[in-house]
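[1] When you get a sec, could you give me coordinates for this:
(one chain, ligands or ions: 2)
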Amino acid sequence: MKARTTFCATDSGNATTSSDAVAQVSPIVTFTRMDQGTAEDYALLDELAKPYIAKTGERALAYLENLSEGFPGYPVDRLQHSLQTATRALRAGECEEIVVAALLHDIGDDLAPENHSELGASVLRPYVANHTYWMVLQHGLFQGYYYFDKIGLDPDARLRYRDHPAFDMTVHFCDAYDQNSFDPGYDTLAIDHFVPMVERIFARKPWGDHTTCDWPVQD
Ligand SMILES: [Fe+2]
Ligand SMILES: [Fe+2]
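    Numbering: from 1, shown residues only. Ligands and ions are numbered 1, 2, ... in the order given. Got it, this is the predicted structure:
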């Protein structure tokens, strides 16, 4: 995408103890200190991690549901806000990566309410382009344009990044999708609509070619 117009049994033959059975189902490494692990240990861990890593998108979606209980006082909860932000991005014709970024941009609100942008950006980073990561990382500061003057802060604080290539992209994200997505009357799509998109983005090889690009590309 360019700078933007619009813009994842046990062995039945022998009696076994319960600990034997567990060992057969889930092998474990030989060490209790990492500095004593063998190459075979680390190869085993790498193999066992693959199906776990493959479910990262699934866990992100489950975690997103926590946002329905956070930050009181807004007309919509953070889950609805996230869905609305993603819906607006989708309807504007943004690519799937931006839509997923929109869906997950506030996922850090639950566990890191004081620096939520960093957490959301870090979750996305191995699966998206550099500027998509940067957009999510900086969106909290850029959102300040709309309200920092009401709380004694500088609404133009984002201008420190005016020369960054993703500056306009991030301005647009906040203006068109994020700052305006607190509307209970908006026709927001349900989370089910976004599940396949999240699965496709998180099915990418972590730190694959997509992360060597500045801008999002269509798979
Ligand atoms: Fe945010
Ligand atoms: Fe937001």
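[2] Every contact and neighbour count from this point should use C-alpha atoms.
    OK.
[3] how about the helices in the protein?
    18-25, 39-53, 56-64, 78-91, 96-104, 116-124, 130-143, 167-172, 195-202 (DSSP state H).
[4] so which of these is the most packed in?
    helix 96-104 (a mean of 26; mean count of other CA atoms under 10 Å).
[5] Looking at the helices of the chain, which is nearest to residue 152?
    Closest to residue 152 of these, according to CA to CA: helix 130-143, at 14.0 Å.
[6] average pLDDT across that closest one?
    Across helix 130-143, the average pLDDT comes to 98.
[7] What of stretch 91-109?
    98.
[8] Next: stretch 204-219.
    92.
[9] still on that earlier bit, in CSV: the helices of the chain, plus distance to residue 157.
    As requested, those are arranged in CSV below (distance: least, CA to CA, whole Å):
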stretch, distance to residue 157
helix 18-25, 54
helix 39-53, 37
helix 56-64, 29
helix 78-91, 23
helix 96-104, 22
helix 116-124, 16
helix 130-143, 7
helix 167-172, 12
helix 195-202, 31
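[10] rank those helices by mean pLDDT and give me the bottom one.
    helix 18-25 (a mean of 54).
[11] so how many other residues sit close to residue 146?
    When neighbours are counted by other CA atoms under 10 Å, residue 146 registers 14.
[12] Just give the nearest non-adjacent residue to it, would you?
    What sits nearest to residue 146 in space, not counting adjacent residues and going by CA to CA, 6 or more residues apart in numbering, is residue 155, at 6.8 Å.
[13] Please look at that neighbour and residue 144 and confirm they touch.
    Yes: with contacts counted by CA atoms under 8 Å, residue 155 reaches residue 144, the gap being 5.4 Å.
[14] Kindly provide the distance from the residue nearest to residue 146 to residue 53.
    39 Å (CA to CA, to the nearest Å).
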